[in-house]
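K.L.:
Sequence and computational prediction follow.
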Amino acid sequence: MKLGLMAIATIALATAGARPTAAQQTTHGCACLHNQTQAQISYRYKWGEGEWKTMQLKPGYQNWICWQYQNAQKSSPNLLFQLDVDMSKGSAWTTYAIGRVQTVGASCDAVGSGGHYNVSYRPNTNNTFIQVTKRN
């Protein structure tokens, strides 16, 4: 009987972070960026017609972009995301489509597998340009 309870507890722990359950109300729409370059990167984003927010992300770090739902609303305005892809002294803001997933909080840990994005060097550019790709 102990083995059965242990197996049930193991299954419960293994599935706890997989998807929000009815008891875990989704509170945000989020995406997570992972800086895989060896340099600080700059990006900016805005929700709908809101103001641009410019951010920097250190090498090897991650950061989330989240919209907190209001009341029973379970959607967010359009997310416009831009990355400064030029790693030289210039700048070249490029727009990328970044999808969000519903989460139970505002953190990369709360973001499911469909909402993670890598920022990495663009191939064959001698680390001069970067790009955003969906994380597997």
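P.N.:
Good, I have the coordinates. Numbers count the residues shown, from 1 in each chain.

K.L.:
Distance of the closest residue to Asn78 other than its chain neighbours relative to Thr27?
P.N.:
Nearest in space to Asn78, with sequence neighbours left out and distances taken as C-beta to C-beta, 6 or more residues apart in numbering, is Gly48 at 5.7 Å. Every C-beta, even on glycine, is put in place using the N, C-alpha and C of the backbone. Taken as C-beta to C-beta, to the nearest Å, the spacing of Gly48 relative to Thr27 amounts to 19 Å.

K.L.:
Quick check: phi and psi at His116.
P.N.:
phi -110, psi 140 (degrees, to the nearest 10).

K.L.:
beta partners of it?
P.N.:
Taking DSSP bridges, one finds Cys32 as the beta-bridge partners of His116.

K.L.:
Can you report how many residues neighbour it?
P.N.:
Residue neighbour count, defined by other C-beta atoms under 10 Å, stands at 19 for His116.

K.L.:
quick one: the helices in this structure?
P.N.:
Listed in chain order, the helices found in the chain under DSSP state H are 2-15.

K.L.:
Tell me where it is predicted with low confidence.
P.N.:
Along the chain, the model assigns pLDDT under 70 to residues 1-24.

K.L.:
The same query, at a cut-off of 50, please.
P.N.:
Counting by pLDDT under 50, the chain has low-confidence residues at 1-18, 22-23.

K.L.:
Work out which residue lies at the spatial centre of it.
P.N.:
With distances taken as C-alpha atoms, centre = their mean, Cys32 lies nearest the centre of the chain, 1.3 Å away.

K.L.:
re earlier: Gly48 and Thr27: who's more crowded?
P.N.:
Here Gly48 and Thr27 are set side by side on neighbour count (other C-beta under 10 Å), and the busier one is Thr27, at 18 against 10.

K.L.:
Quick check: that one touching Gln70?
P.N.:
No. At 10.1 Å, Thr27 does not count as touching Gln70 under the criterion of C-beta atoms under 8 Å.

K.L.:
What's opposite Tyr43 in the beta bridge?
P.N.:
Met55, Leu83.

K.L.:
Cool, thanks, talk later.
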